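# Below: sequence and its predicted model.
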Amino acid sequence: MKLDAKIPEGPVQEKWDNARFKVKLVNPANKRKYKVLVVGSGLAGASAAATLAELGYQVECFCFQDSPRRAHSIAAQGGINAAKNYTNDGDSVWRLFYDTVKGGDFRAREANVYRLAQLSVNIIDQAVAQGVPFARDYGGLLDNRSFGGAQVSRTFYARGQTGQQLLLGAYAALSRQIGKGAVKMFPRTEMLDVVLVDGHAKGIVVRDLVTGEVRSHAGDAVVLATGGYGNVFYLSTNAKGCNVTATWRAHKRGAGFANPCYTQIHPTCIPVSGDHQSKLTLMSESLRNDGRVWVPKKQGDKRAPGEIPDAERDYYLERKYPSFGNLAPRDIASRAAKKPATTAAASARAASASTSTSATRSSAWARTRSRRATATCSTCMRRSPPRIRTRGRCASSRRCTTRWAGCGSTTTCSRRSRACSCSARRTSATTAPTASAPRR
Ligand SMILES: Cc1cc2nc3c(=O)[nH]c(=O)nc-3n(C[C@H](O)[C@H](O)[C@H](O)COP(=O)(O)OP(=O)(O)OC[C@H]3O[C@@H](n4cnc5c(N)ncnc54)[C@H](O)[C@@H]3O)c2cc1C
């Protein structure tokens, strides 16, 4: 397969504008002659179907739920980012673009991310016009809150139900077009196959999930807005129905399909309680945005959270990522959530290693080193590939340093040095490094 993302020419800021300018327009009078089949009626599908119908195309829209209102977009809680800079804290389209590329571990297609950042500004206005009740401040203006992966406040939200409210807005717009006869809605209908004509998707085969009837629909173009994949690691915040069957069927007809392992993970999921649980429950993103995330410093602490004094709490995100703190991107925050207990245990082991035999110290060092082999740099927030990361063994200072291949920065961390046997040998009790936060 020849991979061609068809990324438009020009500097990243101009690619999307160039493409929009070069794309052939359809005469408004001709739009009604074309039929578009939209598979999916979540935020993506419902918006696409309503917009295409508003433009004048004939639209048929399909979903397997009993109503477009049941699409999994309803589960989104936290909010929607837009570079409007309402809070005047230095936001811009470029900064949203930059944060998104970085938050995506530098794997996203940059031209598309820039387009997303540009469009983010308009989408809020569109949603407001649809009636989405975004939170407002006491003066009546749209409110913003902070969110993971960003140091500016740019998230528009509707309490903890942003997805639900956005879906109500999109559904209202879709219903209006259904009422006008511009969209024909097919709920409880599963797409089974894509029909190709000269290599272009021109139709679909579907099954009516009530009668079992299999039939085909012909059109001029097919939009697949069938959502993400949630089942690859069994537990996910996505419903079991988010199984990318439509995408897979399109792939079997020749469409590119990549990275099914990139599923969504959340730092604030209620832990698995048993085999019966097929879906992780998201508590609230605001747990880490407006609040502070911590674990007891002592492993296995049985006290109620309110009884644990501040000094005995480990605010591990603030400790590990001083500049982002609780606003670290969710994958980084989720990974970090698994570590505080083991890190605390490692520190305790390393502290005791300073007074025990060198054999014990060496094994503490080895354990710590392997555990941190793919750690995340607190400066650039990139995950360091194992072999590129190097560790200076306390040559001149008492502390261990790590040079990160990602950004070239050097992290000096007292936590690490306490686990380092050579540091433990060199330092006396009075000059031993303290357990202060990592220096930046
Ligand atoms: C718990 C949770 C919290 C989230 N929080 C946020 C957040 O705070 N901010 C944010 O920006 N994003 C968030 N997201 C992500 C966001 O909600 C999703 O990326 C987005 O809603 C996906 O929309 P969609 O329209 O692509 O897919 P969906 O809403 O999943 O819709 C898919 C549609 O495709 C249809 N479909 C699928 N397969 C077939 C088939 N074979 N035949 C026919 N129809 C089919 C379904 O019926 C459905 O209508 C969150 C997601 C989850 C799960």
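All right, it came through fine. Residues are numbered from 1 along each chain as shown.

# what about R70, distance to G169?
To G169, R70 is 16 Å away according to C-beta to C-beta, to the nearest Å. All C-beta atoms are positioned from the backbone trio N, CA, C, and that covers glycine.

# can you list the residues of this protein near the ligand?
Counting by C-beta under 6 Å from any ligand atom, the chain comes close to the ligand at 39-45, 62-65, 71-73, 75-80, 162-163, 190-191, 225-228, 237-238, 242, 245-246, 264, 282, 285.

# Name the nearest residue to A75, ignoring sequence neighbours.
Closest residue in space to A75, ignoring its immediate chain neighbours: G163 at 5.8 Å, by C-beta to C-beta, 6 or more residues apart in numbering.

# Excluding chain neighbours, what is closest to the residue of the chain at minimum distance from the ligand?
Using C-beta to the nearest ligand atom, G42 is the residue of the chain that sits closest to the ligand, at 2.2 Å. Closest residue to G42 apart from its sequence neighbours, by C-beta to C-beta, 6+ apart: A71 at 3.4 Å.

# I'd say that neighbour and S41 touch.
Yes. Proximity of A71 to S41 meets the contact threshold set by C-beta atoms under 8 Å, at 5.8 Å.

# which residues do those two both contact?
C63, Q65 (C-beta atoms under 8 Å, 6 or more residues apart in numbering).

# ranges for the helices of the chain?
For the chain, the helices defined by DSSP state H cover 15-22, 28-31, 43-55, 93-103, 110-130, 162-180, 245-252, 286-289, 316-320, 330-337, 340-353, 358-371, 414-418, 421-426.

# give me phi/psi at V23?
phi -70, psi 140 (degrees, to the nearest 10).

# circling back: among R70 and G169, which residue is more densely surrounded?
G169 (24 against 17; other C-beta atoms under 10 Å).

# number of nearby residues for the residue nearest to the more buried one when sequence neighbours are not counted?
Spatially, and ignoring its direct neighbours in sequence, G169 is nearest to Q130 (3.6 Å; C-beta to C-beta, 6+ apart). Counted with other C-beta under 10 Å, the neighbours of Q130 add up to 18.

# so who does Q130 touch?
G169, A170, A172, A173.

# Lowest-scoring secondary structure element of the chain by mean pLDDT?
Lowest on mean pLDDT, DSSP states H and E among the helices and strands of the chain sits helix 358-371, with a mean of 32.

# quick one: buried residues of stretch 41-48?
S41, G42, L43, A44, G45, A46, S47, A48 (16 or more other C-beta atoms under 10 Å).

# Assess the claim that E190 and F64 are in contact.
Yes. Between E190 and F64 a contact is recorded at 4.6 Å, counting by C-beta under 8 Å.

# what's the neighbour count on the closest residue to T162 other than its chain neighbours?
Closest residue in space to T162, ignoring its immediate chain neighbours: G79 at 4.9 Å, by C-beta to C-beta, 6+ apart. Here the number of neighbours of G79 (other C-beta under 10 Å) works out to 26.

# Please report how far G79 lies from R159.
Distance of G79 to R159, given as C-beta to C-beta: 10 Å.

# Where does pLDDT dip in the protein?
340-440 (pLDDT under 70).

# from the chain's centre, how far out does stretch 154-172 sit?
17 Å (C-alpha atoms, centre = their mean, to the nearest Å).

# Ok, stretch 318-328 next?
Counting by C-alpha atoms, centre = their mean, stretch 318-328 comes out at 17 Å from the chain centroid.

# show me the contacts for the most centrally placed residue in the chain.
Central residue of the chain (C-alpha atoms, centre = their mean): Q264, 5.9 Å from the mean position. By C-beta under 8 Å, 6+ apart, the contact list for Q264 reads G228, G230, S236, T237, N238.

# In this model G78 seems to touch N289, though I could be wrong.
Yes. Look at N289 against G78 with C-beta under 8 Å: they come within range, at 7.5 Å.

# Please enumerate the shared neighbours of those two.
Contacts common to N289 and G78, judged by C-beta under 8 Å, 6+ apart, are F147, T155.

# Where do the domain boundaries of the chain fall?
According to automatic domain parsing, the chain comprises the domains 15-229+239-252, 292-337, 340-373+389-426.

# got the end-to-end distance for the first one?
With C-alpha to C-alpha, to the nearest Å as the measure, the ends of domain 15-229+239-252 fall 30 Å from one another.

# roughly how far is it from the heart of the chain?
16 Å.

# Let me see the contact set for R70.
C63 are the contacts of R70 under C-beta under 8 Å, 6+ apart.

# If we use 7 Å, what do you get?
By C-beta atoms under 7 Å, 6 or more residues apart in numbering, the contact set of R70 is empty.

# I'd like the distance between it and G163.
12 Å.

# wait, what's in contact with I270?
Each residue near I270 by C-beta under 7 Å, 6+ apart is listed here: L280, T281, M283.

# again, 10 Å this time
Contact partners of I270, counting by C-beta atoms under 10 Å, 6 or more residues apart in numbering, are Q277, L280, T281, L282, M283.

# Restricting to C-alpha, output stretch 55-74 in PDB.
Provided in PDB are the C-alpha atoms of stretch 55-74 (Å, rounded to 0.1, in the frame of the first residue of the first chain):
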ATOM      1  CA  LEU A  55     -25.400  23.000   2.700                       C
ATOM      2  CA  GLY A  56     -28.000  21.300   0.500                       C
ATOM      3  CA  TYR A  57     -26.700  17.800   0.000                       C
ATOM      4  CA  GLN A  58     -29.000  14.800   0.400                       C
ATOM      5  CA  VAL A  59     -27.900  12.900   3.400                       C
ATOM      6  CA  GLU A  60     -28.500   9.400   4.900                       C
ATOM      7  CA  CYS A  61     -27.200   8.900   8.400                       C
ATOM      8  CA  PHE A  62     -26.700   5.500  10.100                       C
ATOM      9  CA  CYS A  63     -26.000   4.300  13.700                       C
ATOM     10  CA  PHE A  64     -26.300   1.100  15.500                       C
ATOM     11  CA  GLN A  65     -27.800   2.500  18.600                       C
ATOM     12  CA  ASP A  66     -31.600   3.100  19.000                       C
ATOM     13  CA  SER A  67     -31.000   6.900  18.800                       C
ATOM     14  CA  PRO A  68     -28.200   9.200  17.800                       C
ATOM     15  CA  ARG A  69     -28.400  10.400  21.400                       C
ATOM     16  CA  ARG A  70     -26.800   7.100  22.500                       C
ATOM     17  CA  ALA A  71     -23.500   7.600  20.700                       C
ATOM     18  CA  HIS A  72     -20.500   7.200  23.000                       C
ATOM     19  CA  SER A  73     -19.700  10.900  22.700                       C
ATOM     20  CA  ILE A  74     -22.100  11.200  25.600                       C
END
